[in-house]
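Enquirer: Kindly generate the corresponding structure for this input.
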Amino acid sequence: MATSTPNAARIENIVTSGSFSLDGESWDVDNNVWIVGDDTECVVIDAAHDAEAILAAVGERTLTAILLTHAHDDHIDAVAEVRAATGAPVLLHEGDRMLWDRVYPDTAPSAALVDGQVIHVAGVDLEVRHTPGHSPGAVCFVAPALGTVFSGDTLFNGGPGATGRSFSDFPTIIGSITSKLLTLPADTVVRTGHGDSTTIGAEAPQLDEWIARGH
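Expert: Numbering: from 1, shown residues only. The predicted structure follows:
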C-alpha cells in the first residue's frame, strides 16, 4: 500500500517475518519495513528479516540510506545483505551500538543519527527524534509533509513499546512519548515497527492509563 503526495513522495510498507532474540529468549515476530521515496530514490526504515523482499520493493531506485529506529536484532538482521547489494549507508543512534555489536561484531554503522537531524529524500524531510526507553538509542522519524511518524517500537497501536527487557526503561519511554511524540498534531499517523498503524490523537488519551499501570 502506498500513500502519494503532490511532490510524488510516497510511503510503502512490506511485512517481513522472522525472530527476535534477547535475554536468552526468542520470539517469532512480523515486522513492518517502511520505504519512503519516489520513483528515483528512497530510504528504507528498518531492514528486517527478508533482504530479498526489501530489495525487490526498492527495485531500480537509488537507496540513499538504511535508517534504523533501533538495533534489536529483528529490526537489523537484513541490514548486511541490503547494504552489500546497494552500497547504502546505515544510520543508527550511538545509544544502541551495543545491540548492533551483538548482531554485527565485525562491522559498524556508517554514521550516527542525532536528535534533531533532518534527512532528505525525494523532496521530503525526515526529522530524527531520539526517543529512548524501549532501547537507549531508539529514535522516531517524523515526516511533517506526509503527516506521519515512523515510531519503531516506541509507540504502538495500543500503547508504548515493551520495557521489560535489558536496556529498556518504562519511565524513560513514557517521557519520550510525552515530550517527543504527543507534541505532534493529533491526526499524525503513527507507522509502527509491528502491527497496525494508529494516530497520535488515538494514543494520547491512553497514556495516563499506562502510567497508572507503571509497566
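
Enquirer: The residue nearest to D115 when sequence neighbours are not counted - how many residues pack around it?
Expert: Beyond its immediate neighbours in the sequence, the residue positioned closest to D115 (C-beta to C-beta, 6 or more residues apart in numbering) is H130, lying 3.8 Å away. C-beta: built from backbone N, CA, C; applies to glycine. The criterion is other C-beta atoms under 10 Å. On that basis, H130 has 18 neighbouring residues.

Enquirer: and H130, what does it touch?
Expert: H130 makes contacts with H93, G95, L113, V114, D115, G137, A138, V139, S176, K180, as judged by C-beta atoms under 8 Å, 6 or more residues apart in numbering.

Enquirer: likewise L55?
Expert: L55 makes contact with E81, V82, A85, T86, according to C-beta under 8 Å, 6+ apart.

Enquirer: Please state the offset of whichever strand or helix holds it from the chain centre?
Expert: L55 is located in helix 51-58, with elements delineated by DSSP states H and E. Averaged C-alpha coordinates place helix 51-58 at 17 Å from its chain's average position (C-alpha atoms, centre = their mean, to the nearest Å).

Enquirer: what is the mean pLDDT for it?
Expert: Along helix 51-58, the predicted local confidence has a mean pLDDT of 98.

Enquirer: list the helices and strands whichever helix or strand comes after that helix packs on?
Expert: For helix 51-58, the succeeding helix or strand toward the C-terminus, using DSSP H and E, is strand 62-67. Applying 3 or more C-beta pairs under 8 Å, 6 or more residues apart in numbering; DSSP states H and E, one finds that strand 62-67 makes contact with strand 41-45, helix 79-86, strand 90-93, strand 118-121.

Enquirer: between these, which one is nearest to F150?
Expert: When these are compared by C-beta to C-beta, strand 41-45 sits nearest F150, at 5.1 Å.

Enquirer: Partner strands of that closest one and their direction?
Expert: Using DSSP bridges, strand 41-45 pairs in its sheet with strand 25-37 (antiparallel), strand 62-67 (parallel).

Enquirer: So for the helix or strand hosting M98, what gets flagged as buried?
Expert: Secondary-structure assignment from DSSP H and E places M98 in helix 97-103. Applying a neighbour-count criterion of 16 or more other C-beta atoms under 10 Å, one finds L99, W100, V103 buried in helix 97-103.

Enquirer: Now do the last one, the pLDDT please.
Expert: When you say that, I think you mean V103. According to the prediction, V103 has pLDDT 98.

Enquirer: do the second one as well
Expert: At W100 the predicted local distance difference test score is 98.

Enquirer: So it sits against L92, correct?
Expert: Yes: counting by C-beta atoms under 8 Å, L92 is a contact partner of W100 at 6.1 Å.

Enquirer: Next, show the common contact partners of these two.
Expert: Contact criterion C-beta under 8 Å, 6+ apart; residues bridging W100 and L92 by contacting each: A71, P109.

Enquirer: Show the contacting residues for A47.
Expert: For A47, the contacting residues are V33, I54, I66, L68, H75, I76, D77, A78, V79, V82, by C-beta under 8 Å, 6+ apart.

Enquirer: want to throw the residues you listed into CSV with neighbour count and distance to P109?
Expert: Listed next are those as CSV, based on neighbours: other C-beta atoms under 10 Å; distance: C-beta to C-beta, whole Å:
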residue, neighbour count, distance to P109
V33, 23, 18
I54, 25, 17
I66, 24, 9
L68, 28, 8
H75, 30, 13
I76, 26, 9
D77, 22, 14
A78, 25, 14
V79, 26, 9
V82, 22, 13
